[in-house]
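Asker: Let's see this in three dimensions:
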Amino acid sequence: MSNTPNEREETTVSFEENYVDENILADKSSKTKEFIKKFMKRKTAVVAFFIMVFLLIIAIIGPYITPYDPNFFDYDNILSPPSAEHWFGTDHFGYDIFSRILAGAPLTLGVALSSVIVGAALGTVLGLLAGYYGGWIEMLVMRGADVLFSFPDILLAIAIVAILGPGIFNVFIAVAVFTVPSFARMMRSATLAVKNSLYVEVARSLGCKDGRILFLHIFPGTIQSLIVNFTMRIGSAIMAGSGLSFLGFGANVTDPEWGAMLSQSRTYLGTAPHMVYFPALVIFITVLAFNLFGDGLRDTLDPKLK
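Answerer: Numbers count the residues shown, from 1 in each chain. All right, here's what the predicted structure looks like:
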């Protein structure tokens, strides 16, 4: 029994849709495999990735796996050096340093990650608007970014916290503010490179609204740059947050925040150097892991590098 013309047309359309969908899925799968293959060639970045994942897991489960209560005063073990009982030793209150580092991971990494997320969101929107519309919007956003860029990150953060007052939430605000201009400038450049692409012109000619063009057509073309910059900025945020707590602007001295732990231990550098070495080493490894992972990600996504 022969099919009617309408049935044949529907069958053809259905076949073409399935064929296109399968091709798109195959193309995405191929690009993902190629990305993983290229990334795995960068051994340093792979090691940094696993360290970073491990640290993020510690940030989630750290407070639940501490061998000792991080706020327990053990006066019998004040300033004890590293041992089998206390892996990283104890501080001047008898606190177990290893337990406090585990308990402080959510605080240190949480402030850094949340501030970069907020700063990236604001900077992305501002950069998209500046690159797409140009004119006075671009001038306002870019001049504002230039003003913020004229201050070193940590100095700008100190100024903001000095105005708002000390506290971990104000540290979050300060780090988010100095993160915004980096993303705004990067997203503006990426938007300028993408907005005149053929598919954007087609969407514009079909009458798509600016919001749809910005977030459904231009924004996906800038995600690679966004991800790389996001990863790189986390290290800076950790340094800034820990630095502010070290200076007394951030977490309370009783909180197991890594920068605050360093601040408390600096007077014991000569008598109990382990109080300084272990928190400093954890901060160093964490920042280094995020930076090396960001470098590897940037090199992997760069089409000029093989």
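
Asker: if I look at residue 177, how far off is residue 170?
Answerer: 10 Å (Cβ to Cβ, to the nearest Å). C-beta: built from backbone N, CA, C; applies to glycine.

Asker: Now the common contact residues for these two.
Answerer: Residues touching both residue 177 and residue 170 (Cβ atoms under 8 Å, 6 or more residues apart in numbering): residue 160.

Asker: Backbone dihedrals for residue 188, please?
Answerer: Per-residue torsions, residue 188: phi -60, psi -50 (degrees, to the nearest 10).

Asker: Isn't it up against residue 140?
Answerer: No: at 11.9 Å, residue 188 does not count as touching residue 140 under the criterion of Cβ atoms under 8 Å.

Asker: who's more crowded, these two?
Answerer: Remark: of residue 188 and residue 140, residue 188 carries more neighbours, 24 against 13, as counted by other Cβ atoms under 10 Å.

Asker: distance of that one from residue 141?
Answerer: According to Cβ to Cβ, residue 188 stands 7 Å off from residue 141.

Asker: Report the set of residues contacting both of these two.
Answerer: Residues touching both residue 188 and residue 141 (Cβ under 8 Å, 6+ apart) are 127, 130.

Asker: so the residue lying closest to residue 230 once chain neighbours are set aside is in which element?
Answerer: Spatial nearest neighbour of residue 230, excluding adjacent residues (Cβ to Cβ, 6 or more residues apart in numbering): residue 120 at 5.4 Å. In this assignment (DSSP states H and E), residue 120 forms part of helix 97-133.

Asker: ok, then the element right after that helix?
Answerer: The element immediately downstream of helix 97-133 (helix or strand, assigned by DSSP H and E) is helix 135-149.

Asker: Now that following helix: buried residues?
Answerer: For helix 135-149, burial by neighbour count (16 or more other Cβ atoms under 10 Å) applies to 138, 141-142, 145, 148.

Asker: Dump those residues to JSON lines, plus pLDDT and distance to residue 222.
Answerer: Shown next, in JSON lines, are the buried residues of helix 135-149 (pLDDT from 0 to 100; distance: Cβ to Cβ, whole Å):
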{"residue": "138", "pLDDT": "88", "distance to residue 222": "16"}
{"residue": "141", "pLDDT": "91", "distance to residue 222": "15"}
{"residue": "142", "pLDDT": "91", "distance to residue 222": "17"}
{"residue": "145", "pLDDT": "89", "distance to residue 222": "16"}
{"residue": "148", "pLDDT": "86", "distance to residue 222": "21"}
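
Asker: returning to what we had before: residues contacting the residue nearest to residue 230?
Answerer: Each residue near residue 120 by Cβ under 8 Å, 6+ apart is listed here: 179, 183, 226, 229-230, 233.

Asker: Same question for residue 233.
Answerer: Each residue near residue 233 by Cβ under 8 Å, 6+ apart is listed here: 116, 119-120, 179, 182-183.

Asker: How much space separates the residue nearest to residue 230 from residue 233?
Answerer: Using Cβ to Cβ, we find residue 120 at a distance of 7 Å from residue 233.

Asker: give me every residue that touches the closest residue to residue 210 other than its chain neighbours.
Answerer: Distances taken as Cβ to Cβ, 6+ apart put residue 132 closest to residue 210, at 7.1 Å, once the chain neighbours are dropped. Residues in contact with residue 132, defined by Cβ under 8 Å, 6+ apart, are 191, 195, 210, 213-214, 218.

Asker: could you point out where the chain is predicted with low confidence?
Answerer: Where the chain drops to pLDDT under 70, the residues are 1-29, 302-306.
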